[in-house]
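Q: Fold the following for me, if possible:
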Amino acid sequence: YIRVSTDEQAERGYSQRDQEERLRKYCQRYNLIVKKVIYEDYSAKTFKRPGWSKIMIDLRKYKGQCDLILFVKWDRFSRNTAEAYQMIGTLRKLGVEPQAIEQPLDLSVPEHKFMLAYYLTSPEVDNDRRSINVFYGMRRARKEGRWMGMAPIGYINRITEDGRKYIAPKKGEAEIMVWVFNELAQGRYCIEQVRKMANKKGLKCERNNFWMIIRNPVYCGKIFVPKHKDEEAMFVQGQHEPLISEALFYAVQDVLEGRKKKMKTRVVFDENIPLRGFLVCPKCGKMLTGSASRGRSAYYYYYHCTSTCGFRHKAPDANAKIVEKIREFALPIPKLQLFKEVINNIYKDKTRMKRVATQQLKTQLEEANKRLSKARELLLIGDIEADDYRIIKAESESRITRLEAELVASSQNVSIAPALWDQAIENISQLDVLYEKGSVEQKRKIIGSMFPEKLVFDGFNYRTARVNDALGLIRLINNELRNKKDGKNHAFADLSHQVTAPGIEPGSRV
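A: The predicted structure is shown next:
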């Protein structure tokens, strides 16, 4: 087994050719047959190495055909004492003895175990010491304001003439990042919308990474030093050029954490002209506006056109006419019950497959829970091993988690709509009252929900190309009920569709 790591090969000259030469000479001296040579370029901190994995596969596959694994020194074998002892035990079970030709040990001699501990611990201590030195060196660099590692988006890694590394603003990306922070601070768009707009500008950044970079203080010139032992976490002034100010950075953090309320554009409407923005001129088709004219003792409100057609009408008259228009849709609750039944039947038909799928998920979830309970009982009575139970438990819990998530998703909104129908019917039955007593904002909401298109007011009546689909259906049902003479609703075919027309065969009865 021949192993090197990059730093060792460079610093100590542990070349693979040199190791192989010494190992082959050893085999020739003791008449050992070389079955296989494994080359490794990997760290010895763990046995999860490609070359070593191949060795273990061969040893298990051809058990009894190999009795030695040779390497130059014990640090070629491992630099982790605990894992090394465990691996030695595994090799012995396979009938294989690990041996370092330059540090030979007879592990059957108890005293040699002291030397084995030394040979295994020494490289591990060396690794740990180097790791500590690297850690404190990087921490010292952070305290001095240097960014460690790959430059974040918006910056690029540079090296000075004397070999010192630093980060500098990257042309193009830096400008986009400045735009990102300014846009987020205003709170006009959600974070995902800002990310997509930045991507269109040329920023290459995925969603998860975007969340990380907009919280990184490096953009305002700060370097974060994490907590370590007695030292608390801190921010230090960086040596790099900041892209944004600290005030802008913390303003963005306030928006992200909900401490800063997002600005909302608010339009103030006059309660005397609530229909401004909903009316169309009957003469020229342009939008009507509303305003007040000052008289001798009061203000008089009008809806009028801004074009040269000169259309103008008193606002109180138009306001009263809209109440009459709304009253046409305000039906008594008993008449609206039929509409509720129609919607209920349609809703049940539309959600039938979803309810079936939900029931199937509940059944599968119940079966998964039963399987887990059964496995627990078998473990208690000793019919299955603990390892088998852990496997069953992991599989069952994973399946239960997925099924619960699917069940929650499939159950959403299935039972919400029926609970809202009674309140909706009550509101529809008194639309005119709600409109007259509501605030100007509530009046505009009612108008906007009832009439998806603009209204045309000619001074006498309102005309609209289309009303809300639900209200249109209610009106249609009411008109059909009003025209019934014999108690049968012919238009909606309330009779069974299975009835056959009279002909050669006798007609069906219901």
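
Q: can you map out the helices along the stretch 301-450 of the chain?
A: 315-327, 333-350, 352-381, 386-411, 416-429, 431-437, 440-450 (DSSP state H, counting those that start in this stretch).

Q: Now stretch 455-467: buried residues?
A: Residues L455, V456, F457, Y462, T464, V467 are the ones in stretch 455-467 that count as buried (16 or more other CB atoms under 10 Å). Every C-beta, even on glycine, is put in place using the N, C-alpha and C of the backbone.

Q: what about that stretch, how long is it end to end?
A: End-to-end distance for stretch 455-467, by CA to CA, to the nearest Å: 10 Å.

Q: Show me the shaky parts of the stretch 401-510 of the chain.
A: 405, 409-420, 464-465, 473-510 (pLDDT under 70).

Q: show me where this protein has strands.
A: Assigned by DSSP state E, the strands in the chain fall at 2-4, 39-41, 68-71, 97-100, 155-159, 165-169, 222-225, 234-237, 279-280, 288-294, 299-305, 312-314, 455-457, 462-463.

Q: okay, those in a markdown table with distance to G382 next?
A: Formatted as a markdown table, the strands of the chain follow (distance: least, CB to CB, whole Å):
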| stretch | distance to G382 |
| --- | --- |
| strand 2-4 | 45 |
| strand 39-41 | 44 |
| strand 68-71 | 39 |
| strand 97-100 | 38 |
| strand 155-159 | 61 |
| strand 165-169 | 62 |
| strand 222-225 | 54 |
| strand 234-237 | 56 |
| strand 279-280 | 83 |
| strand 288-294 | 85 |
| strand 299-305 | 87 |
| strand 312-314 | 91 |
| strand 455-457 | 80 |
| strand 462-463 | 82 |
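
Q: longest helix in the protein, by residue count?
A: In the chain, assigned by DSSP state H, the helix with the most residues is helix 112-143.

Q: For burial, what's the neighbour tally of the nearest residue to W421 once chain neighbours are set aside?
A: Nearest residue to W421, sequence neighbours excluded (CB to CB, 6 or more residues apart in numbering): K340, at 5.5 Å. If you count neighbours by other CB atoms under 10 Å, K340 ends up with 15.

Q: can you check L184 too?
A: Number of residues near L184 (other CB under 10 Å) recorded here: 21.

Q: Please determine how far the nearest residue to it once chain neighbours are set aside is located from V180.
A: Excluding its sequence neighbours, the residue lying closest to L184 (CB to CB, 6+ apart) is V252, at 4.7 Å. Here V252 is placed at a distance of 9 Å from V180 (CB to CB, to the nearest Å).

Q: shared neighbours of those two, which are they?
A: Each of I214 lies in contact with both V252 and V180 under the rule CB atoms under 8 Å, 6 or more residues apart in numbering.

Q: low-confidence ranges in this structure?
A: Within the chain, the ranges that satisfy pLDDT under 70 run 6-14, 259-269, 335, 405, 409-420, 464-465, 473-510.

Q: show me what contacts the residue nearest to L184?
A: Neighbours of V252 in contact, by CB under 8 Å, 6+ apart: F181, L184, A185, I214.

Q: among those residues, which are in helices?
A: Counting by DSSP H, the contacts of V252 place F181, L184, A185 in helices.

Q: what about K170, neighbour count?
A: Here the number of neighbours of K170 (other CB under 10 Å) works out to 18.

Q: In TSV: the ones in helices among the contacts of V252, plus distance to L32.
A: Shown next, in TSV, are the ones in helices among the contacts of V252 (distance: CB to CB, whole Å):
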residue	distance to L32
F181	67
L184	69
A185	72
